[in-house]
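Colleague: Make a model of this:
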Amino acid sequence: MVLLALNRPLIALRDGLERPDAKALFDAVTRAATCAAARVTDRLTNGSMSRALAGFTLTVLGCGFWAFATGGWRGATRPMLEVPAVPLVGWLALMVATGCMVAFHRRRLLALVLVGIVGLMVSASFLYLSAPDLALTQISVEVVTVILLLLALNFLPKRTPVESPGRQRGIDAFIAVLAGLGFGALAHAVMRSDFALLPISGYMLENSHTLGGGDNVVNVILVDFRGYDTFGEITVLGIAALAIFALTEALLARAGGWRLLGWRGARRAGDRHPLPLLVVTRLVLPLSLVVGLYIFLRGHNAPGGGFIAGLVVSVALVSQYMASGYAWAQDRQRISYHALIGAGVIAAGLTGIGAWFAGQPFLTSAYGYVELPGLDPSSWPRPWALTWACSFAWWAR
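Modeller: From the prediction side, this is the model:
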């Protein structure tokens, strides 16, 4: 009875009101959300990298502290190991180099030397802890990085200007120390605690030779046990290299390229291309290629592999640019780096597709052995290693 009595007034009220427009409502909600996000962003960030890193670091530290406080850590279950004299000296050298890096980071050349010392000590730590593959990779990456940064330092001021006030630097230092202590405590707690679940390292050690055909467990993990990850990594590296090349080529074709060509940095020596450096780098190039091939072929059963081989060859190639100049090295380039990237990715893809012809899933492992006359038996090298060599040789050019 009530509904019937109110039917006419309600219908009249409905007809008198403006009907809602779905698009207008959507646009209004979108504008409100955008304005709210802009206000929050303006309050939290101002384009400063240090502020963004500070917010990220404090968030991670807060999450870690909350997890530690509510996770119920049972305490250390492993005893501390004795520290011999040699690792202690290396640790002290690492700490001194890191502290000097913080103190003299505005002097860019000195900072680069200190970064090299830190990388060298990290490589020595890997070697001391029986990880020769990691040590070779780390030292190769350090050499390539230092050379590339040396090439870039010519276009930068010799000293970094002071742009932040003392109060801001103090806050940044406090956050950095807090983060270092937090992550150090986390590493200490993890290394002194037993695993919650059984580790998979035992499976890798037991099946490296029988399933992967190699005795170098690190290399077998990269190219066999986690082949999908490696395939994705080299594909992403190739795409990133092509994108960087395209961007730099476009920039060099514009006004920025002319400014770089006309750049005249501070002269530190009378000769831009010293003769001793030219002779040494050109003699080292073929030797590096032979060493890279040797490391590439032995990597499946001994420390080495295509990853390290590619870095060794990259050091030799990028040294030619540093010693002889970009124009000289570019004129003698016979193979396009684009072709090397494509060949590497194609080799990786064909390696996985080859398993289909045997009725196996993509990237299923298969291996064989060949005995060369006068040499010890060695396993066939895999195209994966060639892929790494091609990709990283282009990347470190």
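Colleague: distance of the residue nearest to T77 when sequence neighbours are not counted from G64?
Modeller: Nearest residue to T77 in three dimensions, chain neighbours excluded: D194, at 4.9 Å (C-beta to C-beta, 6 or more residues apart in numbering). For every residue, glycine as well, the C-beta is placed using N, CA and C. Using C-beta to C-beta, to the nearest Å, D194 is found at 20 Å from G64.
Colleague: more crowded one of these two?
Modeller: For D194 versus G64, neighbours defined as other C-beta atoms under 10 Å are more numerous around G64 (15 against 8).
Colleague: Which of the helices or strands spans that one?
Modeller: In the assignment (DSSP states H and E), G64 maps to helix 49-70.
Colleague: buried stuff in the helix or strand encompassing V291?
Modeller: Element membership for V291 (DSSP H and E) is helix 275-298. Residues of helix 275-298 classed as buried by neighbour count (16 or more other C-beta atoms under 10 Å): L278, T281, V284, S288, V291, G292, I295, F296, L297, R298.
Colleague: shaky segments in this protein?
Modeller: The chain contains residues with pLDDT under 70 at 1, 4, 16, 251-271, 370, 372, 374-397.
Colleague: Now do the helices in the stretch 151-300 of the chain.
Modeller: 166-191, 201-212, 217-220, 227-252, 255-261, 275-298 (DSSP state H, counting those that start in this stretch).
Colleague: out of the ones you listed, deepest packed?
Modeller: The highest average neighbour count among the helices of the stretch 151-300 of the chain, using mean count of other C-beta atoms under 10 Å, belongs to helix 217-220 at a mean of 23.
Colleague: List the contacts of stretch 116-136.
Modeller: For stretch 116-136, contacts defined as C-beta atoms under 8 Å, 6 or more residues apart in numbering pick out 86-87, 90, 93-94, 97-98, 101, 138-139, 141-142, 145-146, 216, 218-219, 295, 303-305, 308.
Colleague: Just the buried ones from those residues?
Modeller: The neighbour-count test (16+ other C-beta under 10 Å) marks 90, 94, 97-98, 101, 138-139, 141-142, 146, 216, 218-219, 295, 303-305, 308 as buried among the contacts of stretch 116-136.
Colleague: Return the subset of these lying in helices.
Modeller: 90, 94, 97-98, 101, 138-139, 141-142, 146, 218-219, 295, 308 (DSSP state H).
Colleague: domain ranges for this structure?
Modeller: With domains defined by automatic domain parsing, the chain comprises 81-160, 214-260+273-397.
Colleague: Do me a favour and get the end-to-end distance for the first one?
Modeller: Right, domain 81-160. Its first and final residues considered, domain 81-160 spans 42 Å by C-alpha to C-alpha, to the nearest Å.
Colleague: oh, and call the first residue 593 from now on, that's how I've got it
Modeller: OK, 593 is where the count begins now, so the last one is domain 673-752.
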